[in-house]
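Asks: with the sequence up front, the predicted model follows.
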Amino acid sequence: MTQPIEQIVRRKLSDEVFDRLERMITSGELQPGDEMPSERVLMERFGVGRPAIREAMQSLANKGLVNISHGERAKVLQLTARSIFRQVDLTAKIMLSQSADSLEHLKSARIFFERGMAREAAQRTKQSDVDELRDIIDRQRRALGHAEEFIAADMQFHTRIAQISGNPIFVAVSEAMLAWLKEYHTEMLIWTGKEKLTLVEHEEILERLAANDADGAEAAVLKHLERSRALYTK
């Protein structure tokens, strides 16, 4: 019986360098805020040329592990949920632009997520949260007729609800989904009555959160998002 061929793939030098640099970061040898060793030091340490070092360093930057500034040494970044989601921003937007189904799936995922956020927030809402959410609604009301400002305040209202959870991953998920959907937020919102209806629905959500009413908050968010999902179109 013939044995299957198992080819050994020769890896690029820069990939090997990337793996070693990544281990230096994940092992704790290099901490967030530390400068990466100079190119010359890394060339001597790994026995490779400058191109392999630079290519590996760029790969680290693309993955959000280091920041490269012209004329300065690269610095190790502090990874957060927010920075991780930002790394996939472009990929997510390309995916959404290529498929209507993907946009519908994202809208459904957002509704599922925000229903849970409303329930969680309603159990934790304090007066300071109520005050800040009311300030956002007031700012949104002052932005009537100004699409960009109104939508920015709209996004902030929903993200602020996620912040009540105290979980930075929930906040990062909220920010990411809203940013991706913003690409498809049409002028339908600015038609007469649409903006004011949004404000009324935000007031209803806030009222339920202030009352620590989990069922009511979830119902208010569901009503709001099911109505507004038509605003996000390709």
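Replies: Here it is on my side, so go on.

Asks: contacts only, for residue 31.
Replies: If you count contacts by C-beta atoms under 8 Å, 6 or more residues apart in numbering, residue 31 has them with residue 76. From N, CA and C alone the C-beta is placed, and that goes for glycine too.

Asks: using the three-state scheme, assign residue 37.
Replies: Here residue 37 is recorded as coil under DSSP: H, G, I helix; E, B strand; the rest coil.

Asks: just checking, it touches residue 45?
Replies: Yes - using C-beta atoms under 8 Å, residue 37 and residue 45 qualify as a contacting pair, with a distance of 7.2 Å.

Asks: longest single helix anywhere in this protein?
Replies: For the chain, the helix that runs over the most residues, judged by DSSP state H, is helix 100-122.

Asks: for that helix, name the packing helices and strands.
Replies: When contacts are defined as 3 or more C-beta pairs under 8 Å, 6 or more residues apart in numbering; DSSP states H and E, helix 100-122 packs onto helix 89-98, helix 147-163, helix 168-182, helix 194-210, helix 214-228.

Asks: can you list contacts of the very next helix or strand once past it?
Replies: Next helix or strand after helix 100-122 toward the C-terminus (DSSP states H and E): helix 127-142. Contacts with helix 127-142, where a contact means C-beta under 8 Å, 6+ apart, come from 121, 150, 153-154, 156-157, 160-161, 164, 198-199, 202-203, 206, 209-210.

Asks: ok, those vs residue 15, which is closest?
Replies: Ranking the contacts of helix 127-142 by separation from residue 15, with C-beta to C-beta as the measure, puts residue 156 on top at 41.3 Å.

Asks: returning to what we had before: let me have the helices and strands packed on helix 100-122 in CSV, adding mean pLDDT, distance to residue 21 and mean neighbour count as columns.
Replies: Rendered in CSV, the data for those read as follows (pLDDT from 0 to 100; distance: least, C-beta to C-beta, whole Å; neighbours: other C-beta atoms under 10 Å):
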stretch, mean pLDDT, distance to residue 21, mean neighbour count
helix 89-98, 84, 23, 13
helix 147-163, 92, 34, 19
helix 168-182, 91, 25, 19
helix 194-210, 92, 46, 18
helix 214-228, 93, 43, 18
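
Asks: make a markdown table from the ones you listed and add distance to residue 11 to it.
Replies: Putting those into a markdown table (distance: least, C-beta to C-beta, whole Å) gives the following:
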| stretch | distance to residue 11 |
| --- | --- |
| helix 89-98 | 24 |
| helix 147-163 | 41 |
| helix 168-182 | 32 |
| helix 194-210 | 53 |
| helix 214-228 | 47 |
